[in-house]
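Enquirer: Pasted the sequence and its predicted model underneath.
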Amino acid sequence: MRRTLSIATALLVLVGCDDADPPPGEDGGGADTDAGMLTCDAPETSCPPTLPFEGAPCDLAENCEYDPQEGEHWTYACTDGAWVGTVECMLVGGGCVPPLVETCDSPVRDHGAGAVEIGPVGEGAFRPFMDGEAADVVIGGQGSPMLQFRIQTVDDAPSCTEMVTTMRTPVADDVIGRTRLRTRCGDSLGVFTVMPVVVDCPPDPTTEFELEVELTGIGSTTATLTVDSMVFCTPLPG
């Protein structure tokens with residue numbers, strides 16, 4: 001069956017840690033990803049070798065076409081200065097997934113200590129999460145709940161950093177992820193990370209959890225957030 005999906009509806013679970021640095025051009029960030037070469041706010045002016053990140057800045061007229069695997073064809077257009085992607089997905093059960101963070105190669109892990117903050121994704125200037133704030137959760141096309149947030153750190157932070165996320169919830173063991181993250185003048189674009197799910201729904205209508213984000217070699221921060229408890233609930237089959 002042939003389907004056309006937008007980036008916004010193609011998100012699903014991303015699990016696991018990514019400790020090794022890949023060879024140049026094999027990471028999902030797309031841009032010139034040498035940490036010493038990046039300009040913090042530079043748009044891409046040609047088609048990157050791998051899938052661009054939705055919403056990242058660009059400046060070119062032609063569309064960019066990608067076939068990451070058989071049965072999956074992506075088209076990215078630079079629209080109003082930012083990447084917008086669509087996918088023709090012919091995989092059984094779906095599974096065509098865009099990059100969930102704007103990533104990069106060769107993260108710098110020895111920058112030196114600095115402030116790190118996390119906050120909601122939205123228009124306007126960055127602000128940190130308020131204590132107990134309701135989390136922004138996006139449900140992907142296959143029903144996977146994804147927490148969305150963004151990061152701010154020191155202005156002179158390297159363009160390529162290592163991000164370690166730890167989610168502590170009352171419904172599951174700590175969920176830990178590790179990835180390479182591009183920052184732009186100390187700010188990241190939106191980041192998606194998977195929420196744990198369980199068979200039995202929590203008894204209360206809302207659930208409090210902790211999100212800790214560390215940028216290796218810079219610093220870490222923790223936010224206490226709340227979410228509708230149904231986010232954690234996976235119904236029994238049938």
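Expert: Perfect, thanks for sending it.
Enquirer: For this protein, which helix or strand comes out least confident on mean pLDDT?
Expert: Sorted by mean pLDDT, DSSP states H and E, the helices and strands of the chain end with strand 3-6, the least confident at a mean of 33.
Enquirer: pLDDT of the helix or strand just after that one, averaged?
Expert: Per DSSP states H and E, the first helix or strand lying C-terminal to strand 3-6 is strand 64-69. In this model, strand 64-69 has a mean pLDDT of 93.
Enquirer: List the residues that contact the nearest residue to residue 111 once chain neighbours are set aside.
Expert: What sits nearest to residue 111 in space, not counting adjacent residues and going by CB to CB, 6 or more residues apart in numbering, is residue 217, at 4.9 Å. Heads up, the C-betas are built off the backbone N, CA and C, glycines and all. Shown in contact with residue 217 (CB atoms under 8 Å, 6 or more residues apart in numbering): 108, 109, 110, 111, 112, 161, 162.
Enquirer: Can you spell out which helices and strands pack onto the host helix or strand of the last one?
Expert: The one in question is residue 162. Using DSSP H and E, residue 162 sits within strand 160-169. Secondary-structure packing of strand 160-169 (3 or more CB pairs under 8 Å, 6 or more residues apart in numbering; DSSP states H and E): strand 145-153, strand 172-182, strand 191-194, strand 206-215.
Enquirer: one more time with 10 Å
Expert: Here strand 160-169 touches strand 116-119, strand 145-153, strand 172-182, strand 191-194, strand 206-215, strand 219-228, going by 3 or more CB pairs under 10 Å, 6 or more residues apart in numbering; DSSP states H and E.
Enquirer: May I have the phi/psi pair for residue 231?
Expert: Main-chain torsions, residue 231, degrees, to the nearest 10: phi -60, psi -40.
Enquirer: correct me, but it touches residue 172?
Expert: No - Residue 231 sits out of contact with residue 172 when judged by CB atoms under 10 Å, with a separation of 11.8 Å.
Enquirer: With neighbour numbers in mind, choose between the two.
Expert: The neighbour count for residue 231 versus residue 172, taken as other CB atoms under 10 Å, is higher for residue 231 (22 against 14).
Enquirer: Look up the closest residue to the more buried one, ignoring the ones flanking it.
Expert: residue 145 (4.6 Å).
Enquirer: Can you give me the separation between that neighbour and residue 225?
Expert: 13 Å (CB to CB, to the nearest Å).
Enquirer: Spit out the residues that contact residue 231 and residue 172 alike.
Expert: 195, 196, 197, 209 (CB atoms under 10 Å, 6 or more residues apart in numbering).
Enquirer: List just the one of the helices and strands packed on strand 160-169 that sits closest to residue 52.
Expert: Of all the helices and strands packed on strand 160-169, strand 172-182 sits nearest to residue 52, with 11.5 Å by CB to CB.
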